[in-house]
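1. predicted model, plus sequence, below.
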Amino acid sequence: MPNKSKNNDPKQKSPEVDLFVYLCGQNTPEYTYSVVEDLSETLIVRMRSFINETSFDVAAFEPQVSLLEKKLSIIEHILGDLLPCKNEVTNRFGFAKEMLAVLKRSATVLIFQTSSNSQDIIALQRVIQIHVLLFNLYDSYGDPAFREEGYAQSVRRYISLLNSWVEAFRKLQDKSPDVIQMFEFHMNEVEYILRILESHIVS
């Protein structure tokens, strides 16, 4: 039952409201947002430098992983209690964090398999490359960059490329069970991302 003795004065904030206001940065200095935005953008630009239109430069990326992780950790520390909130600043940081995680995971597989000439592994590598290349179709806030010139053509090209590698993979004989599992995982992820990107194509 409601507590009848409770003060219903709308000017009186509950502890929960005070906590929410604090967490969502109402009292956060403006320069904190500016610093976080600048650092996040710099980190994203740096990670994009390892990705061109056709490939992910794993050899150049790998030596920089520790430094990229350190920069991400610094940004996370500055953000502090703002992280539960959703705004442009935290969205940009979240995109940087997700991008680094995907690049690291992809690099691990690509480097581990780089010396193999097996057709199933080559197909797996190509699908992983597509996954990484799709970051080119997002802005720095993690939203599809559908206003960019050539967006629709790029999405359709990646869809066609993925389909061709999926078809080639399924025709292969004597595929490794481990490779099949990895291929299905990355294929599903890429298909999901492409559906999102495709849904933003302006007719």
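-> Yes, it's here.
2. least trustworthy helix or strand in the chain by mean pLDDT?
-> helix 15-23 (a mean of 42; mean pLDDT, DSSP states H and E).
3. what's the first helix or strand after that helix?
-> As assigned by DSSP states H and E, the chain's next helix or strand after helix 15-23 is helix 30-48.
4. how about residues contacting the following helix or strand past that following helix?
-> Toward the C-terminus, helix 30-48 is succeeded by helix 58-61 as the next helix or strand (DSSP H and E). Identification of contacts with helix 58-61 by C-beta atoms under 8 Å, 6 or more residues apart in numbering yields 47, 50, 103, 106-107, 110-111, 114. All C-beta spots, glycine's among them, are computed from the backbone N, C-alpha and C.
5. scan the chain for its longest helix.
-> Ranked by residue count, the top helix of the chain under DSSP state H comes out as helix 88-112.
6. packing partners of that helix?
-> In this structure, helix 88-112 makes packing contacts with helix 30-48, helix 58-61, helix 65-79, helix 119-133, judged by 3 or more C-beta pairs under 8 Å, 6 or more residues apart in numbering; DSSP states H and E.
7. with distance to residue 153, mean pLDDT and mean neighbour count added, can I get these in CSV?
-> What follows is the helices and strands packed on helix 88-112, written out as CSV (distance: least, C-beta to C-beta, whole Å; pLDDT from 0 to 100; neighbours: other C-beta atoms under 10 Å):
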stretch, distance to residue 153, mean pLDDT, mean neighbour count
helix 30-48, 19, 88, 16
helix 58-61, 26, 96, 16
helix 65-79, 30, 93, 14
helix 119-133, 14, 95, 21
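8. which stretch among the ones you listed comes nearest residue 156?
-> The closest of these to residue 156 is helix 119-133. By C-beta to C-beta, the value is 13.0 Å.
9. quick check: next helix or strand after the closest one?
-> Under the assignment DSSP H and E, the closest C-terminal helix or strand after helix 119-133 is helix 151-171.
10. between helix 119-133 and the next helix or strand after that following helix, find me the angle.
-> Using DSSP H and E, the next helix or strand after helix 151-171 towards the C-terminus is helix 177-199. With axes from the mean of the first three to the mean of the last three C-alpha atoms, to 10 degrees applied, the angle from helix 177-199 to helix 119-133 works out at 30 degrees.
11. helix 177-199 packs against which elements?
-> Applying 3+ C-beta pairs under 8 Å, 6+ apart, one finds that helix 177-199 contacts helix 119-133, helix 151-171.
12. using PDB, list the CA coordinates for the shortest one.
-> Taking Å, rounded to 0.1, in the frame of the first residue of the first chain, the C-alpha atoms of helix 119-133 are listed here in PDB:
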ATOM      1  CA  GLN A 119      39.400 -23.700 -49.100                       C
ATOM      2  CA  ASP A 120      37.100 -23.800 -46.100                       C
ATOM      3  CA  ILE A 121      39.500 -21.600 -44.100                       C
ATOM      4  CA  ILE A 122      39.900 -19.200 -47.000                       C
ATOM      5  CA  ALA A 123      36.100 -18.900 -47.200                       C
ATOM      6  CA  LEU A 124      35.900 -18.300 -43.400                       C
ATOM      7  CA  GLN A 125      38.600 -15.600 -43.700                       C
ATOM      8  CA  ARG A 126      36.600 -13.800 -46.500                       C
ATOM      9  CA  VAL A 127      33.500 -13.700 -44.400                       C
ATOM     10  CA  ILE A 128      35.400 -12.300 -41.400                       C
ATOM     11  CA  GLN A 129      36.900  -9.700 -43.700                       C
ATOM     12  CA  ILE A 130      33.400  -8.700 -44.800                       C
ATOM     13  CA  HIS A 131      32.400  -8.300 -41.100                       C
ATOM     14  CA  VAL A 132      35.200  -5.900 -40.500                       C
ATOM     15  CA  LEU A 133      34.700  -4.000 -43.700                       C
END
